[in-house]
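> Sequence and predicted structure, then a few things I'm wondering about:
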Amino acid sequence: MLTLKMLRDDPQHVIEKLAVKNFDAKEIVGKVLELDANRRSLQAESDALLARQKQVASRVGALMKEGKREEAEEAKKEASELKVRSNELLAKAEENNKELEAKLVLLPNIPCDLVVPGKGAEDNQIVKVGGPEVSLPENALPHWELAKKYDIIDFDLGVKITGAGFPVYKGKGARLQRALVNFFLDINTAAGYREIEPPSVVNAASGFGTGQLPDKEAQMYHVGLDDFYLIPTAEVPVTNLYRDVIIPGKDLPRAMTAYTPCFRREAGSYGKDVRGLNRLHQFDKVEIVRIEKPENSYAALDAMVAHVEGIVNRLGLRYRILRLCGGDMSFTSAITYDFELWSAAQGRWLEISSVSNFETFQSNRLHLRYRDDEGKIQLCHTLNGSSLALPRVVAALLEDNQTEDGIIIPEVLRPYTGFDRID
RNA sequence: GGAAGGUUGGCCGAGUGGUCGAUGGCGGCAGUCUUGAAAACUGUUAGUCCGCAAGGGCUCGGGGGUUCGAAUCCCUCACCUUCCGCCA
């Protein structure tokens, strides 16, 4: 959620910047400013009324003590009349402020200056391509075939147990999952990220805090009986750890990492995009989250990108880094770098990580603040990134490392898997 | 799931209708003293909204109600503790 201050100070800037995201904000911004002006004048009016009400009420007490009963009755009457008027105003203000909030949450985060305009994926900027070239034999198999061949991931069984998009990992396939999680967590903690194991189910307040609610409600599984949501990413519970918190400036930055299962309904997707591990309803992911002072957040973002690149490099897979254009960025992000692995067997890039700076967009909703050197309270910047999401790493790993003699496990993973090939 | 008792500022804890945004203690910060520190003493120490400011509004788990007036009374929801039941 954008801050009202930002909108008030320079509405034109907000409108221009949102155009980079292909978002025409003119009308909403105008409405927000109007509602904000209303809010302030309504408050000034009702505050004055309430102040008088309080004065009169305390006079009643004093008059009662002095035994001036008649005057007290007079005052009571006056207070009652004031109350009727202030209640009307308060109701009006509440309605106004609800509408203001409803409009305000419709505005996406403004992109930072590095972000170029664009409509969709085709306009993303390729920042870097790295890792070894992949050359596969003619008869190379996609990962879903390999999974079947070696009996390590069973999509059909998942359908039986739950439904499409809930695979069952078996044997070395299951062990590989556990190995990757541990490998990623170890690298992250070694880099100073504190390991967190959060709940995988959150309440609505948490969903709102990181921006999943109300706009992306359909993306989450909802537990109706208790009004809980299955998390779509560890970002939700981990960032919400700091909801309604004022952090002493000296305690920043905070860096955390968490492994969680992630649940996404992915309503409406189909085709080759969802084949095999390409898109799932449940998957494993290790996430990194940082809370920073505003002046440090872009340095932190660069550090996170470099950190994720380090992990990808160790896996020895072909990758590229994209800086997303305005139109392809999420609602909440100010800038996003995507990491993709090359899947030679599928002939396509697979997204495995998304590293973003949200600036104050989340912290404004979360009321996540810090006390600066002068003792003033300011909004923090929040950042997060995948490090990494497992399924597509597994997909690329299986496909790119396939040989006549089975799938070769990268050297760095062998201490975790306990085997060097899947055959 | 059943029963009872709770939820107050960074923490502990007082406050059961009248000037209470809240006594006191701890902790924090500043100062006095000290070569320095500790101790002692003094002062200070919630957030938020409106306002150029002066000042004012709101907040004692959340929401609603009673009343001229609510931290205090009533309703409701959430959470916590204890006992019973169940259980990895």
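Nice, thanks for sending it over.

> For the rest of this, base every contact and every neighbour count on C-alpha atoms.
Fine.

> Can you tell me how far residue A:242 is from RNA strand B?
13 Å (C-alpha to the nearest atom of the strand, to the nearest Å).

> try residue A:363
Going from residue A:363 to RNA strand B by C-alpha to the nearest atom of the strand gives 12 Å.

> list the buried ones in the helix or strand hosting that residue?
Using DSSP states H and E, residue A:363 maps to helix A:361-366. For helix A:361-366, the neighbour count (16 or more other C-alpha atoms under 10 Å) marks A:361-366 as buried.

> Which one of these is nearest to residue A:381?
In terms of C-alpha to C-alpha, no member of those lies closer to residue A:381 than residue A:363, at 6.6 Å.

> Next up, the contacts around the closest one.
Counting by C-alpha atoms under 8 Å, 6 or more residues apart in numbering, residue A:363 touches A:209, A:243, A:369, A:379-382.

> what do you get if the cut-off is 10 Å, keeping everything else the same?
Contact analysis of residue A:363 by C-alpha atoms under 10 Å, 6 or more residues apart in numbering lists A:1-2, A:209-210, A:239-240, A:242-245, A:291, A:369, A:378-382.

> out of those, which are inside helices?
A:209, A:239-240 (DSSP state H).

> quick one: low-confidence ranges for chain A?
Low-confidence segments of chain A, defined by pLDDT under 70: A:268-270, A:272.

> can you give me the helices in it?
A:4-9, A:11-20, A:26-66, A:69-104, A:143-149, A:155-161, A:172-190, A:204-209, A:235-240, A:297-315, A:361-366, A:390-400, A:414-417.

> circling back: and the contacts of residue A:363, which of them are buried?
Applying 16+ other C-alpha under 10 Å to these, the neighbour count classes A:1-2, A:209-210, A:239-240, A:242-243, A:291, A:369, A:378-382 as buried.

> Would you check that residue A:122 makes contact with residue A:328?
Yes - Residue A:122 is in contact with residue A:328 according to C-alpha atoms under 10 Å; the separation is 8.9 Å.

> Pick out whichever of the two has more residues nearby.
Set side by side, residue A:122 and residue A:328 show unequal neighbour counts under other C-alpha atoms under 10 Å, the larger going to residue A:328 at 19 against 11.

> Which residues of the stretch 51-200 of chain A lie near RNA strand B?
Selection of the stretch 51-200 of chain A residues close to RNA strand B by C-alpha under 7 Å from any atom of the strand yields A:51, A:53-54, A:56-62, A:64, A:75-77, A:79-80, A:83.

> now these: which count as buried?
Taking 16+ other C-alpha under 10 Å as the criterion, what is buried in those is A:53, A:56-57, A:59-60, A:75-76, A:79, A:83.

> List just the nearest of those residues to residue A:274.
Using C-alpha to C-alpha, residue A:83 is the member of those that sits closest to residue A:274, with 60.1 Å.

> related to what we said a few turns ago, find the residues that touch each one of residue A:122 and residue A:328.
When contacts are counted by C-alpha under 10 Å, 6+ apart, residue A:122 and residue A:328 are jointly contacted by no residue.

> picking that back up, in CSV: the ones in helices among the contacts of residue A:363, plus distance to RNA strand B.
Output for the ones in helices among the contacts of residue A:363, formatted as CSV (distance: C-alpha to the nearest atom of the strand, whole Å):
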residue, distance to RNA strand B
A:209, 16
A:239, 19
A:240, 16
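
> since we're on the nearest residue to residue A:187 once chain neighbours are set aside, how many residues are nearby?
Distance criterion C-alpha to C-alpha, 6 or more residues apart in numbering; nearest residue to residue A:187, sequence neighbours excluded, is residue A:311 at 7.6 Å. For residue A:311, the tally of surrounding residues (other C-alpha under 10 Å) stands at 16.

> Equivalent analysis for residue A:271, please.
If we define neighbours as other C-alpha under 10 Å, then residue A:271 has 6 of them.

> Same check on residue A:109?
Using other C-alpha under 10 Å, residue A:109 has 26 neighbouring residues.

> which residues touch it?
A:1-3, A:14, A:17-18, A:21, A:329-335, A:358-362.

> try it again with 8 Å
Contact analysis of residue A:109 by C-alpha under 8 Å, 6+ apart lists A:1-2, A:18, A:331-334, A:358, A:361.

> Save the residues you listed as a markdown table, and put in distance to RNA strand B too.
Shown next, in a markdown table, are the contacts of residue A:109 (distance: C-alpha to the nearest atom of the strand, whole Å):
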| residue | distance to RNA strand B |
| --- | --- |
| A:1 | 13 |
| A:2 | 12 |
| A:18 | 23 |
| A:331 | 23 |
| A:332 | 20 |
| A:333 | 22 |
| A:334 | 22 |
| A:358 | 19 |
| A:361 | 14 |
